[in-house]
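A.B. asks: just need the structure, nothing else, for what follows:
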Amino acid sequence: MNTLINTYAIMSMTLLITSCVNKHVGEPLTIKNNSDIRVYYWFAYWKTENFTKYHYPDTILPENKPVFLNSIAPHNATGDGESDPDWEKIYSELSGSKFSVYFFDNQINTQEEWDAIRQSYNLHRKDVSYQELVNNNYCINYP
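C.D. replies: Numbers count the residues shown, from 1 in each chain. Model (predicted):
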């Protein structure tokens, strides 16, 4: 009986381990802040409707302020998005073949502040090709 339980446990562990393989080549996205100030950032997430509209070459910001802007402390990094994105598929949908991240020096709390940023375009934008993302270990650096 003990041998049967051990065999079942080993088979279960093997099945569990082999079912956790990466589905896609690549890693989760990391955003790294190399500056001395906290920065805020936003990008159109690949699982949202019309996400390609806000990536290079169409680099307009959405009319409505995003519900949530991410932030990173000085000299820190953060992971973003899912753990195993299909980067080849994501980039194949981008007309300019570049993924855009928008960085802001200040937190934007209101629609009015967002409208002012949209008009002035007072921000820092990074447009990253697939090869650049791979070469940088799936990390986008600010600045």
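A.B. asks: what bits of this protein have low per-residue confidence?
C.D. replies: Residue ranges of the chain with pLDDT under 70: 1-2, 4-25.
A.B. asks: try 90 this time
C.D. replies: Scanning the chain for pLDDT under 90 picks out 1-27, 45-50, 58-60, 67-68, 79-85.
A.B. asks: what about the strands in it?
C.D. replies: Taking DSSP state E to define them, one finds strands in the chain at 29-33, 39-42, 70-72, 76-80, 98-104, 124-129, 139-142.
A.B. asks: ok now the longest one, how far from the chain's centre?
C.D. replies: The one in question is strand 98-104. 10 Å (Cα atoms, centre = their mean, to the nearest Å).
A.B. asks: next up, the contacts around Val134.
C.D. replies: Shown in contact with Val134 (Cβ atoms under 8 Å, 6 or more residues apart in numbering): 26, 87. Any C-beta I mention is one placed from the backbone N, CA and C, and that applies to glycine too.
A.B. asks: no wait, Gly79
C.D. replies: Taking Cβ under 8 Å, 6+ apart, we find Gly79 in contact with 28-30.
A.B. asks: verify the contact between Ala44 and Tyr54 for me.
C.D. replies: Yes: counting by Cβ atoms under 8 Å, Ala44 does reach Tyr54; the two are 3.9 Å apart.
A.B. asks: gap between Ala73 and Glu132?
C.D. replies: Per Cβ to Cβ, to the nearest Å, Ala73 is found 24 Å from Glu132.
A.B. asks: indicate which one of the strands of the chain is closest to Asp115.
C.D. replies: Closest to Asp115 of the strands of the chain is strand 98-104 (Cβ to Cβ; 13.5 Å).
A.B. asks: sheet partners, orientation included, of the closest one?
C.D. replies: strand 39-42 (antiparallel), strand 124-129 (antiparallel) (DSSP bridges).
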